[in-house]
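Asker: Sequence and predicted model, in that order:
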Amino acid sequence: MNKIKFSSDYHKLPFNSNGTQAVLIGISTANVKYLKQALPQFITYDTRKRCKGTEYYNLDFEQAIILTFIHINSGLPFTTIRRYTKEKYDYYKGLEWKTLLIEINYCKKECPVSSCYAKDHDPLKCWMVQRKFGLIKIKE
């Protein structure tokens, strides 16, 4: 089965989606500078990492591919912005309306929770430990 890989866990992804499946329902291209100016909330949504609280993936390229998925287990939509190359675009275009396996590299060394290194990562435990260590601030 083809995979969609993520270098970190992101807020846009449904909880516990590692190892689950999603259908690629759309593919488009865009200029990253335009997206940052016209749709800053979308950039925030798409790039915010879950394990680092307020850290974002840096979109350090000019042209992008925007992939839109529907998560099979939850029915929730999510997107991902990828660097544009003709080869990548053609690859993803060939996967449109196909089911892909979600593969997340949880937290790497970003999180103090040891389970972040395991396949059975527990996002709620990760969040609670981060809160305990002051890595996540809660408005009261």
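Answerer: All right, it came through fine.
Asker: make it CA atoms for all contacts and neighbour counts henceforth
Answerer: OK.
Asker: OK, contacts around the nearest residue to Asn58 once chain neighbours are set aside?
Answerer: Once flanking residues are discounted, Asn58 sits nearest to Thr47: 7.5 Å by Cα to Cα, 6 or more residues apart in numbering. Neighbour list for Thr47: Tyr10, Tyr56, Tyr57, Asn58 [criterion: Cα atoms under 8 Å, 6 or more residues apart in numbering].
Asker: Which residues are in contact with the closest residue to the second one other than its chain neighbours?
Answerer: Nearest-residue entry for Tyr56: Arg48, 4.4 Å, with adjacent residues in sequence omitted and distances by Cα to Cα, 6+ apart. Listed by Cα under 8 Å, 6+ apart, the contact partners of Arg48 are Tyr10, His11, Lys12, Thr54, Glu55, Tyr56, Tyr57.
Asker: could you redo the last one with a cut-off of 6 Å?
Answerer: Neighbouring residues of Arg48 by Cα atoms under 6 Å, 6 or more residues apart in numbering: Tyr10, Glu55, Tyr56.
Asker: With distance to Ser74, neighbour count and pLDDT added, can I get those in TSV?
Answerer: Shown next, in TSV, are the contacts of Arg48 (distance: Cα to Cα, whole Å; neighbours: other Cα atoms under 10 Å; pLDDT from 0 to 100):
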residue	distance to Ser74	neighbour count	pLDDT
Tyr10	16	25	88
Glu55	25	13	83
Tyr56	24	16	87
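Asker: and which of those residues is nearest Gln41?
Answerer: Minimum distance to Gln41 across those is 12.4 Å, recorded for Tyr56 (Cα to Cα).
Asker: quick one: the closest one from Pro40, how far?
Answerer: For Tyr56, the distance to Pro40 (Cα to Cα, to the nearest Å) stands at 12 Å.
Asker: what does Thr68 give?
Answerer: Following Cα to Cα, the distance that separates Thr68 from Pro40 is 18 Å.
Asker: And for Ser8, the neighbour number?
Answerer: Counted with other Cα atoms under 10 Å, residues neighbouring Ser8 total 20.
Asker: How about Tyr91?
Answerer: 11.
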